[in-house]
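K.L.:
got a predicted structure here, sequence first:
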Amino acid sequence: MAFKFVPIENLPSYQHEPDVYLEEARKANVLENPCVVPYLDVRSWEDPVLGREFVVFIRQYVWGASLERFIWANRGNVELRFIEQFLSAMFGLLFELEQRGMIHGDIHADNVLVTRPRYNLRGDVQFRVMDFKPTGHGEPSDYLGIALSLRRLLECVSYEEQQPRDRYVFEVLRNDFLGRYLLVESDPATDDRAFRPRQLQSKLDSVDEMFAAASASRGPEAAVRSVRR
Ligand SMILES: Nc1ncnc2c1ncn2[C@@H]1O[C@H](COP(=O)(O)OP(=O)(O)OP(=O)(O)O)[C@@H](O)[C@H]1O
Ligand SMILES: [Mg+2]
């Protein structure tokens, strides 16, 4: 198990909702998406030596490193498939959040764990998300948090070493996903995929078809150029 000890004076508190700190665990446990790390318990605990009071959040332990550490350790070494899996995992989570009218409120690379389950036959990477914030906090949107991680992951790709298919996907992720769908600062109505997880996932699922169609007529290098801006 993983234990997070928070001194009670550091907990968020709202005058009319003294147990608002429980929201984080409530939110996580309502969600069915496999990315979400479930809470097993939330307890209060007094340190017998310091006489200080803590709230202890008890979660399932996840073997792995944070996405933040992963990014630092993999400069020049991140594969497009990894980024696609990351986005797919985030879109799945965003979809459930959207359907339930919820937000995460604090998605960033320190709150995502990267793990390769030991007993997964296909050896796929998994992403696990932690630290849901109580609602009504006025944080930047979850899409912005994902966009910032996407941007940093793209910076870790050695572009020139990639196959044309991966360079094509890189361009689509940078120009469309980052530039048009996730980092839209003003009017989300500018693009019909912006902030819409179902549409984003379906575009992500179709990149191989898009690449095949674009290369069939003019060849793979021209296909890459056609999406580069
Ligand atoms: N369930 C877990 N399994 C393994 N490692 C974990 C788990 N939960 C947290 N960690 C590790 O501890 C680090 C900090 O955890 P967490 O994000 O919960 O605390 P925090 O960042 O201090 O809280 P907050 O984001 O609410 O300010 C994570 O980046 C991760 O490396
Ligand atoms: Mg955190």
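P.N.:
All right, it came through fine. Ligands and ions are numbered 1, 2, ... in the order given.

K.L.:
state the helix or strand in which Met90 lies.
P.N.:
For Met90, the enclosing helix or strand under DSSP states H and E is helix 80-100.

K.L.:
who's in contact with the residue of the chain found nearest ligand 1?
P.N.:
At 3.4 Å from ligand 1, Ala2 is the closest residue in the chain, using CB to the nearest ligand atom. Glycine gets a C-beta too; all of them are placed from N, C-alpha and C. With contact set as CB atoms under 8 Å, 6 or more residues apart in numbering, Ala2 has these partners: Val37, Ile58, Arg59, Gln60, Tyr61, Val62.

K.L.:
the third one touches Glu24, doesn't it?
P.N.:
No. With contact defined as CB atoms under 8 Å, Arg59 does not count as touching Glu24 (10.2 Å).

K.L.:
now do the shared contacts for the two.
P.N.:
Common neighbours of Arg59 and Glu24 (criterion: CB under 8 Å, 6+ apart): Tyr39.

K.L.:
helices or strands up against the helix holding Met90?
P.N.:
Contacts defined by 3 or more CB pairs under 8 Å, 6 or more residues apart in numbering; DSSP states H and E place helix 80-100 against strand 126-129, helix 142-155, helix 164-171, helix 197-205.

K.L.:
dump these to CSV, plus mean pLDDT and distance to ligand 2.
P.N.:
Converted to CSV, the helices and strands packed on helix 80-100 look like this (pLDDT from 0 to 100; distance: least, CB to the ion, whole Å):
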stretch, mean pLDDT, distance to ligand 2
strand 126-129, 96, 10
helix 142-155, 95, 12
helix 164-171, 98, 29
helix 197-205, 96, 22
